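S.K.: What follows is a predicted protein model with its sequence.
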Amino acid sequence: MTQPIKFNDFYFLGCNALSKEVQVDFLSYFNYLLDTDFAELEDMLKQRLEIKRFEKLTDDAIIESSIAITPQDAKKKRKKRKYYMCNAVCLLKTIRSVFDSKLYKSLTGNNVSPLAIHNYQYVLRVLLIDAEQLGNLYANEMKGDVTCQCSIDGKRVHYMAVHQLLRQSLFGQESAHSFADMETSSAILLIRQLIEIRIRRAFGAVAYLDANDTVQPLDLSRVFDAIRKHKSQIKFPVKLENIERIYKWANLYTHSGQCDFAWLPYYVEWFLRPLTFGEKRDNNWDVRNGIVVEKGVIDAIKSDLLANKSSATENSMKDAESIIKTEVEKVTETENNITLESTECKSSKVNYRLLPCQIDAVVE
């Protein structure tokens, strides 16, 4: 690029089809952001979101205010200034933690992979484009100004992009069998699986087994309900409510492909690290100690899950018996004048147990 770099030049990052006079070099733009300490990004957010100064927010506050668990929850949040403040702070924390001087030094060193440049250029561009979209959303929702319509609700991952992620998982990003292009929103799929596996294995609540050793599904929502009764007796590195909030948020993406602001998956990944990798306790480190629980509490949670399953199954069978009995009683005659007597379905209690698994928690 022949002209001095400006903040809005991020739109042209990676646009190699343009003439060299207007192309924007990623490392030059990165250096520009570091030299200005992201001041123009901050100024843009303050101006677009009508913020005088950025608040000092806890990680929990950011998660609770910026992550919606249902479309209705999202609509309510978007009518509150706190939502925009938390997203702005989340963006600034994310972009500063990723694009720091250490990364710049690494990318300007010797033998740097072109793929690394490609990846970080993509990440920076989508973060800054969504920063503009956050400003558009504020104008739409808080000011009634639809001059620039926010496009975040129309941002859905395509199934082809998910298949591309599948290829990259199998062959790597740089291979003869996949493409280099990224789909960072697909990380939300892994966030959901991460929480599901972590919570299930910590409490031995993977699935049910019936009397025939047939695996029956165990909804994670039931597991959360059982854990919540004993949460004062369990040590989590982050609030249980926010683990569940992130899981429900990830479910929205998993089932619909609906994307959210680009910085949220990055922030959530960082937020969940203590849960995944554990913490240092008493000068010792153990990958399991992200969750610390007594054996008696695990046993109580398992008992709750089994009791709920047995009760739900018995109620379902009783409902089925009632429906069948009613339907049979309605049929009093056929065309041949054959009378059918009412019959009842006899049910026997179904015994369930939990699928055995290793407990991935520190059990005291």
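M.R.: All right, it came through fine.

S.K.: and residue 116, helix, strand or coil?
M.R.: When classified by DSSP: H, G, I helix; E, B strand; the rest coil, residue 116 comes out as helix.

S.K.: For the residue nearest to it when sequence neighbours are not counted, which residues are in contact?
M.R.: Once flanking residues are discounted, residue 116 sits nearest to residue 107: 6.5 Å by CB to CB, 6 or more residues apart in numbering. For the C-beta atoms, the positions are set from N, CA and C on the backbone; glycine is no exception. The contact partners of residue 107, by CB atoms under 8 Å, 6 or more residues apart in numbering, come to 27, 30, 116-117, 120.

S.K.: ok, residue 96 - contacts?
M.R.: Residue 96 touches residue 38, counting by CB under 8 Å, 6+ apart.

S.K.: and the gap between it and residue 49?
M.R.: For residue 96, the distance to residue 49 (CB to CB, to the nearest Å) stands at 18 Å.

S.K.: for residue 50, phi and psi?
M.R.: Residue 50 has phi and psi values of phi 50, psi 50 when expressed as degrees, to the nearest 10.

S.K.: what does residue 216 give?
M.R.: phi -120, psi 140.

S.K.: Show me what the nearest residue to it once chain neighbours are set aside bridges to in the sheet.
M.R.: Nearest residue to residue 216, sequence neighbours excluded (CB to CB, 6+ apart): residue 208, at 4.0 Å. Beta bridges link residue 208 to residue 216, residue 354, judged by DSSP bridges.

S.K.: Excluding covalently adjacent residues, which one is nearest to residue 177?
M.R.: Residue 177's closest residue in space is residue 171 (CB to CB, 6+ apart), at 4.2 Å.

S.K.: How many neighbouring residues does that neighbour have?
M.R.: Neighbour count for residue 171, taken as other CB atoms under 10 Å: 12.

S.K.: quick one: it and residue 179 touch, right?
M.R.: No - using CB atoms under 8 Å as the test, residue 171 is too far from residue 179 to be in contact (10.1 Å).

S.K.: Can you name the next helix or strand after the helix or strand harbouring residue 62?
M.R.: Using DSSP states H and E, residue 62 maps to helix 59-66. Per DSSP H and E, the first helix or strand lying C-terminal to helix 59-66 is helix 71-77.

S.K.: helices and strands around that next one, which ones?
M.R.: Applying 3 or more CB pairs under 8 Å, 6 or more residues apart in numbering; DSSP states H and E, we find helix 71-77 packed against no helix or strand.

S.K.: Could you number the chain from 20 rather than 1 from now on?
M.R.: Right, with 20 as the first residue, what we last looked at is helix 90-96.

S.K.: Would you indicate which residues of it are buried?
M.R.: If you call a residue buried by 16 or more other CB atoms under 10 Å, then helix 90-96 has these buried ones: 93, 96.

S.K.: got the CA positions of it in PDB?
M.R.: Taking Å, rounded to 0.1, in the frame of the first residue of the first chain, the C-alpha atoms of helix 90-96 are listed here in PDB:
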ATOM      1  CA  PRO A  90     -33.100 -16.100  21.000                       C
ATOM      2  CA  GLN A  91     -35.500 -14.500  23.600                       C
ATOM      3  CA  ASP A  92     -32.600 -13.900  25.900                       C
ATOM      4  CA  ALA A  93     -30.600 -12.300  23.100                       C
ATOM      5  CA  LYS A  94     -33.500  -9.900  22.400                       C
ATOM      6  CA  LYS A  95     -33.600  -8.800  26.000                       C
ATOM      7  CA  LYS A  96     -29.800  -8.300  26.300                       C
END
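
S.K.: Just the helices from the stretch 70-219 of the chain, written as ranges.
M.R.: Assigned by DSSP state H, counting those that start in this stretch, the stretch 70-219 of the chain shows helices spanning 78-85, 90-96, 100-117, 120-126, 133-161, 178-190, 206-222.

S.K.: Off-centre distance for the second one?
M.R.: Here the centre of helix 90-96 is set off from its chain's centre by 16 Å, with CA atoms, centre = their mean, to the nearest Å.
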